[in-house]
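Visitor: heads up, no residue letters with this:
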């Protein structure tokens, strides 16, 4: 039985979980703003305590690798590395867009009343990158990534060829703002976060295949360089 710690801090929502053979046994979700730095480790401990376990009782740690929030990714990856190193267990990294795509697949599988005409032919997860830009890629209906991950500015004609072919599900915290711009009748929009429960089967698959990352050298997939801004507030 593989026990895997799951950590996602890539968006505004903090999510941690514990999976047993690909199924979530414990999950904690926090929507409090800027909570990643202060609450990630405490929530992991709370969750493990609920199962009567320590980190050393786990077989691996899995972290959302990005793209997403620069600060959030740094917190999540640093925490995951520290836990894995201290316990002497391997680290798994799963792309954040992969997690969102899997959540769309899981949703389609559970909505049995969905008409065939509404079932997506493609899935397009979107993570908000400010203004009208999103981090995105195109996935098949079963969650296989078909295009490279990119930062894309969204306009009225975005994804027009894909939408012309059939229903497309846009999912993630970047999808709803695009709803105001993409008006094609085949476009479907869903708010969602890359939660631990959707990481679990992907983490288990990576664990079974021995897809671990190097603890010393692994870095989050930021996609874009961090740009610091200067405060306009008067300091004195």
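Guide: Alright, I've got the coordinates. Note that this is a predicted model, so its numbers are computed, not measured.
Visitor: The protein - how does it break down into domains?
Guide: Per automatic domain parsing, the structural domains of the chain span 3-95+194-208, 97-190.
Visitor: I'd like the distance between residue 81 and residue 173.
Guide: 25 Å (Cβ to Cβ, to the nearest Å). Heads up, the C-betas are built off the backbone N, CA and C, glycines and all.
Visitor: Looking only at neighbour counts, state which of these two leads.
Guide: Neighbour totals were compared for residue 81 and residue 173, and residue 173 leads with 21 against 17 (other Cβ atoms under 10 Å).
Visitor: Three-state assignment for that one, please.
Guide: Reducing the assignment at residue 173 to three states with DSSP: H, G, I helix; E, B strand; the rest coil gives coil.
Visitor: who's in contact with it?
Guide: Remark: with contacts taken as Cβ atoms under 8 Å, 6 or more residues apart in numbering, residue 173 is in contact with 11-12, 126-128, 191-193.
Visitor: mind showing which ranges of this protein have poor pLDDT?
Guide: Applying pLDDT under 70 to the chain picks out residues 109-118, 225-236.
Visitor: Start from the N-terminal end of it and give the helices.
Guide: Counting by DSSP state H, the chain has these helices, from start to end: 36-51, 70-87, 96-110, 160-165, 175-178, 196-208.
Visitor: Residue 141 is nearest to which of those helices?
Guide: Of all those, the one in closest proximity to residue 141, counting by Cβ to Cβ, is helix 96-110 (7.3 Å).
Visitor: quick one: that closest one to chain centroid distance?
Guide: If you compare the mean C-alpha spot of helix 96-110 with that of the full chain, they lie 10 Å apart, counting by Cα atoms, centre = their mean, to the nearest Å.
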